[in-house]
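Undergrad: let's see this in three dimensions:
(one chain, ligands or ions: 2)
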Amino acid sequence: MDFEKTTIRVGILTISDSRTPSTSDINSFDSSGHNLIKLINDSNVIKSAKVVQYDCVTDDFDKIQAKMSEWCSERKVDVLLSTGGTGFSSRDVTPEATLGLVQKLTPGISQAIMNESLKLTPMAMLSRAVSGIYEKTLIINLPGSAKASKECLSVVAHTIPHAVSLIKDEKEISKQFHKQLDFTANNKSRVPECVTKIACRPRESQFPKMSMKSALNILKEHAVLQYTENNKIKYPAVLIFSTGDELISIKDSYGDCIRDTNSVMIKQILEQDHYKGQVFNFGIVRDNWDDLCKHFEDAFNNADIIITSGGVSMGEKDLIKHVLKEHFKSKIHFGRVNMKPGMPTTFVTLFFKDTKKYIFCLPGNPVSAGVCTHLFVLPYLRSVSGKKIIIHSLKAKLTHPINGLDIRPEYRRALLKYENGELYVSCLTNHQQSSRLLSFVGSNCLLHLPPSSEEANIESSTIMDVTLIKSIENTYIAPILNETNLSIEIIKKQGISDNIKKEELLLFSCINDVLHLMTENIFEAKTKNIPTDSAMGYVLYSPVYSSENLPPFPASIKDGYAIKYINEDCWSPNSNIFNVVQVSVAGTAPDCQKEIKEGECARISTGAPLPPGANCVVQVEDTAVVSKSSDGKVELAISILKEPKLFENVRSIGSDISVGQHLLDQKTVLGPFEIALLRSVGCENVQVYKCPSIHIIPCNDNSAYAISHKLKNMLEVADFKGNLFSQLLCKNITNFSELFKNVFDYDDVIIICGSFFEFCDVVESHIHIRNDTRKISLGFGRMNHNEKNVVFLHIGICDSDYIYNCVHLFILPFLRFTTGRKKIISSIKTKCNMTLHNLPLDKFEKAELDYENGDFNVTCFTMNRQSCLVNIPSSADKMNNKLKEEKKTELDAIVTENSDSYFIYY
Ligand SMILES: Nc1nc2c(c(=O)[nH]1)N[C@H]1C(S)=C(S)[C@@H](COP(=O)(O)OP(=O)(O)OC[C@H]3O[C@@H](n4cnc5c(N)ncnc54)[C@H](O)[C@@H]3O)O[C@H]1N2
Ligand code: MOO
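TA: Residues are numbered from 1 along each chain as shown. Ligands and ions are numbered 1, 2, ... in the order given. Modelled structure (predicted):
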């Protein structure tokens with residue numbers, strides 16, 4: 001049984017007067033804090049942990065408590081490791097500040113650290129470090145030196161994951177999931193007859209196929225916003241599990257098996273959509289009545305929304321709906337939806353200990369599970385999170401005609417492109433089978449197609465609805481920016497190629513040139529090998545090929561009967577009786593099966609191996625029982641009511657993925673589907689581009705600290721994955737290079753804020769761009785330090801608009817480029833929502849971006865969510881007059897925030 005731990009969020013708090021360089025102190029570099037971050041983020045000393053907060057405060061009781069309290073009470077971290085301030089000097093107050101805050105002491109942890117440290121040095125007895133629990137966070141004091149803090153962390157690192165799960169009250173869950181499970185249902189008495197008497201199972205589904213519209217309406221009725229005591233939105237806890245006897249967790253897997261891809265994939269789709277509530281993953285639950293009852297009960301005790309995958313179609317082991325209905329007396333609002341893929345999607349509610357629970361039972365086919373998470377679960381979670389845009393569908397022009405529609409409305413994986421201000425959608429040519437995760441590769445949207453009963457075919461250029469599932473990669477800087485002048489001042493240039501010579505450049509070429517310059521001449525891409533599960537958002541460094549076949553054996557696509565069918569010429573409904581001689585359910589070992597002979601059949605379930613001799617599967621709906629055992633429970637013979645076809649409903653070996661097949665290109669941005677694809681063939685690690693480690697240094701002026709703070713926040717909001725450090729203000733710097741030599745050792749990008757006139761002396765090559773009307777001012781350069789290239793960026797003293805513009809036009813695009821991304825700036829054509837009479841000219845204006853009826857609109861001068869920068873042309877531009885008089889004038893906008901409009905995932 002696989003209980004995937006959620007990531008443990010760690011905060012590192014350095015406490016030191018000297019490490020926060022308000023004076024020009026040569027030892028001011030926080031090597032202890034840096035070292036802990038590296039140990040956790042890069043060397044994985046604590047399993048499944050990541051540093052998400054870092055700060056440095058002076059040895060000041062109130063400041064220490066304030067920072068600890070902020071991280072703990074706002075639930076920003078699960079573990080808070082402080083380093084420093086634990087000694088005997090008068091300024092050392094870390095233990096006192098910690099003791100004043102914690103609600104429970106954890107003396108065992110501090111004692112273990114002390115015992116081990118004393119083995120290394122008797123000086124350890126001079127540490128007064130303590131540990132304890134505040135709210136749901138474990139706080140551990142570590143000593144201040146880099147060496148000692150590393151040694152102490154290594155003493156307790158292996159117990160931290162368990163401690164965290166106990167603190168979060170996951171105790172009961174983890175206990176359950178560490179138990180060895182019994183796969184045989186030995187207590188059949190509680191199992192209803194419809195399940196135990198296979199001969200009596202219904203031949204048709206009891207659930208009508210509901211339309212997508214009605215299903216979404218039902219979900220809408222059940223999406224109720226909930227609030228906390230302080231009137232904040234309460235995000236319900238979500239718990240996910242996969243079901244299936246055939247499933248194996250990736251860590252226990254070997255070749256030729258079916259790995260559980262769905263539970264992780266669904267969790268990552270929620271993560272990609274920035275769902276703010278807690279999300280637990282229970283891993284795999286077996287297709288067994290008692291196990292399902294037990295695990296559902298655990299799930300209801302721990303979460304309000306449950307998402308399952310598998311076990312919802314017509315097979316004898318498809319128990320999910322029966323368990324919920326019979327055992328939990330729940331209400332099934334819909335049990336099938338008229339759609340492809342995802343038809344058996346089910347939505348259930350029930351009261352458990354007086355609390356309402358909402359259950360999404362998704363089909364097991366990985367594509368169906370993924371598509372339905374996007375189409376049903378995300379809109380629901382967005383509603384209960386109070387988001388503005390609930391279902392995101394865009395309008396796009398079809399690039400080619402479509403013939404041969406399915407009888408069900410279909411959601412086909414397709415590619416959405418943005419060109420010259422218009423959205424275009426094209427279908428992919430690959431197989432769209434719902435077991436085939438490869439069908440997601442190269443797609444970024446679901447194209448909504450009508451059923452064949454409504455349209456015979458669809459003409460090219462028809463405007464279609466599409467749902468985005470990934471970012472649109474080919475957004476670019478719109479041509480109008482070409483007409484905007486921006487002066488560029490080259491202060492110093494060395495070792496940089498000659499492509500920037502002009503004193504005055506067009507903004508478009510300027511941004512492009514500058515970015516190329518920075519990336520091609522200055523930055524060396526670095527890579528790392530990371531576990532596939534934690535690779536979300538990273539970019540692949542090299543292409544990936546499969547070393548396995550999927551399916552590894554011929555498998556059934558339907559619940560029904562595997563037969564040996566030969567008599568194509570003389571088939572008649574009356575002469576087709578087959579004796580049921582064996583059973584093949586998902587999880588049956590393919591090499592234990594007997595050969596099926598003429599006149600025989602095997603009862604088979606979706607995903608189960610086809611016995612030797614069988615050459616097609618007839619779905620249960622097209623059969624009838626003709627002979628039963630004397631107790632009426634077992635079917636002995638069936639008849640087939642509809643003419644079968646050779647190889648019908650069979651996936652041949654390797655038909656989804658074959659050995660040696662190219663799966664992903666280099667430079668693919670890894671999202672939930674790509675990760676699921678890699679996991680399905682057992683790919684445990686991948687080589688990706690590493691994110692640079694960034695260090696922000698505010699210099700000289702007091703306002704520089706505020707600038708650095710804003711900058712740090714903006715990079716954090718942008719979901720930047722690399723390590724991000726910042727310093728307190730450094731004043732009166734006399735020898736910058738010497739002072740920060742440790743920083744150059746550790747970090748790849750240094751951002752200096754404030755009036756730092758020595759900048760040009762520090763770097764070997766330097767370019768500065770500046771334009772005051774458009775509020776841009778940024779210097780950048782490079783230095784070679786111990787054979788390593790370090791990039792410098794410099795933002796002088798400026799207001800927050802300058803910071804915003806520089807971050808979105810230069811710094812973030814540059815950082816994205818260094819992590820292997822192709823798309824570095826998203827710009828789109830928008831329509832202005834208003835006439836602007838007193839228009840400020842020739843500037844970038846923050847605005848709100850919206851999508852309505854096929855148009856992207858911008859609202860300028862709003863205090864609402866500012867999610868883009870619009871380019872307001874200069875007075876020389878005739879566009880301006882138009883803008884003053886007319887509404888809906890076209891404006892170019894650079895998307896700055898991952899707004900609810902869902903447009904710029906990266
Ligand atoms: N007689 C009929 N058979 C089927 C029907 C039908 O209407 N009549 N519907 C088909 C459709 S459509 C779908 S979709 C599937 C859904 O089946 P279940 O939800 O019951 O899912 P399972 O049978 O458990 O699994 C299906 C397939 O997917 C693989 N799988 C399941 N879970 C995972 C996972 N977590 N990770 C990776 N792969 C998974 C499983 O091995 C099967 O191959 O039913 C059709 N049958
Ligand atoms: O609806 Mo199922 O999801 O076709 O495969």
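Undergrad: so what's residue 125 closest to, chain neighbours aside?
TA: residue 118 (6.6 Å; CB to CB, 6 or more residues apart in numbering). In short, each C-beta sits where N, CA and C put it, glycine included.
Undergrad: moving C-terminal of the helix or strand containing the one you found, what's the next helix or strand?
TA: Applying DSSP states H and E as the criterion places residue 118 in helix 107-120. Later in the chain than helix 107-120, the nearest helix or strand by DSSP H and E is strand 131-134.
Undergrad: verify the contact between the residue nearest to residue 125 and residue 127 for me.
TA: No - taking CB atoms under 8 Å as the definition, residue 118 is not a contact partner of residue 127, at 10.0 Å.
Undergrad: give me the more crowded residue out of these two.
TA: Neighbour totals were compared for residue 118 and residue 127, and residue 127 leads with 23 against 13 (other CB atoms under 10 Å).
Undergrad: do I have it right that the more buried one meets residue 86?
TA: Yes - the pair residue 127 / residue 86 is scored as a contact, 5.0 Å apart, by CB under 8 Å.
Undergrad: quick check: neighbours shared by these two?
TA: Common contacts of residue 127 and residue 86, defined by CB atoms under 8 Å, 6 or more residues apart in numbering, comprise residue 143.
Undergrad: list the contacts for the residue in the stretch 51-200 of the chain that ligand 2 sits nearest to?
TA: In the stretch 51-200 of the chain, the residue that lies nearest ligand 2 is residue 195 (22.1 Å; CB to the nearest ligand atom). Shown in contact with residue 195 (CB under 8 Å, 6+ apart): 201, 289, 316, 319, 322.
Undergrad: from ligand 1, how far off is the second one?
TA: Read that as residue 289. 15 Å (CB to the nearest ligand atom, to the nearest Å).
Undergrad: do the same with the third one
TA: Taking CB to the nearest ligand atom as the criterion, residue 316 is separated from ligand 1 by 11 Å.
Undergrad: same check, this time on the first one
TA: Residue 201 sits 11 Å away from ligand 1, taking CB to the nearest ligand atom as the criterion.
Undergrad: dihedrals phi and psi, the residue lying closest to residue 669 once chain neighbours are set aside?
TA: Spatially, and ignoring its direct neighbours in sequence, residue 669 is nearest to residue 539 (5.5 Å; CB to CB, 6+ apart). When read as degrees, to the nearest 10, the backbone of residue 539 gives phi -110, psi 130.
Undergrad: hang on, isn't residue 539 packed against residue 816?
TA: No - Residue 539 lies out of contact with residue 816 (CB under 8 Å); the separation is 9.2 Å.
Undergrad: distance of the closest residue to residue 404 other than its chain neighbours from residue 598?
TA: Nearest residue to residue 404, sequence neighbours excluded (CB to CB, 6+ apart): residue 457, at 7.4 Å. Applying CB to CB, to the nearest Å, the value for residue 457 to residue 598 is 41 Å.
Undergrad: list the contacts for the closest residue to ligand 1 within the stretch 301-450 of the chain?
TA: Closest residue of the stretch 301-450 of the chain to ligand 1, CB to the nearest ligand atom: residue 364 (2.7 Å). Neighbour list for residue 364: 242, 243, 244, 262, 309, 310, 311, 312, 606, 607 [criterion: CB under 8 Å, 6+ apart].
Undergrad: in stretch 753-766, which residues are buried?
TA: 753, 754, 756, 759, 760, 762, 763, 764, 765, 766 (16 or more other CB atoms under 10 Å).
Undergrad: quick one, what contacts the third one?
TA: Residue 756 makes contacts with 699, 700, 733, 736, 794, 796, as judged by CB under 8 Å, 6+ apart.
Undergrad: and if we set it to 10 Å?
TA: 697-701, 704, 730, 733, 736, 762, 779, 792, 794-797 (CB atoms under 10 Å, 6 or more residues apart in numbering).
Undergrad: just give the nearest non-adjacent residue to the residue of the stretch 651-800 of the chain found nearest ligand 2, would you?
TA: Residue nearest to ligand 2 within the stretch 651-800 of the chain (CB to the nearest ligand atom): residue 651, separated by 11.4 Å. Distances taken as CB to CB, 6+ apart place residue 555 nearest to residue 651, at 4.8 Å, with adjacent residues excluded.
Undergrad: give me the number of residues near the one you found?
TA: For residue 555, using other CB under 10 Å, the count is 28.
Undergrad: same question for residue 813.
TA: 24.
Undergrad: before we move on, back to that, relative to ligand 2, how far out is the residue of the stretch 301-450 of the chain closest to ligand 1?
TA: 9 Å.
Undergrad: looking at the protein, which helix or strand is least sure?
TA: Counting by mean pLDDT, DSSP states H and E, the weakest-scoring helix or strand in the chain turns out to be strand 504-506, with a mean of 37.
Undergrad: run through the stretch 651-800 of the chain and note the low-pLDDT ranges.
TA: For the stretch 651-800 of the chain, applying pLDDT under 70 flags the ranges 719.
Undergrad: strands of that one, start to end?
TA: Ranges of strands within the stretch 651-800 of the chain are 662-664, 685-689, 694-698, 724-726, 749-753, 765-771, 776-785, 788-795, based on DSSP state E, counting those that start in this stretch.
Undergrad: and those strands: which comes nearest residue 150?
TA: Smallest distance to residue 150 across these (CB to CB): 17.4 Å, for strand 724-726.
Undergrad: which residues does the residue nearest to residue 669 contact?
TA: Contacts of residue 539 by CB under 10 Å, 6+ apart are 525, 527, 666-670, 688-691, 816, 819-822, 906.
Undergrad: how far off centre is stretch 335-350?
TA: From the chain centre to the centre of stretch 335-350 is a distance of 24 Å (CA atoms, centre = their mean, to the nearest Å).
Undergrad: over to stretch 775-793?
TA: Here stretch 775-793 is found 31 Å from its chain centre; the criterion is CA atoms, centre = their mean.
Undergrad: for stretch 621-641, same thing?
TA: 47 Å.
Undergrad: and what of stretch 741-749?
TA: Distance, centroid of stretch 741-749 to centroid of chain: 30 Å (CA atoms, centre = their mean).
Undergrad: ok, the residue nearest to the spatial centre of the chain to residue 471 distance?
TA: Centroid check for the chain by CA atoms, centre = their mean gives residue 272 as the closest residue, at 3.4 Å. Relative to residue 471, residue 272 is positioned 10 Å away (CB to CB).
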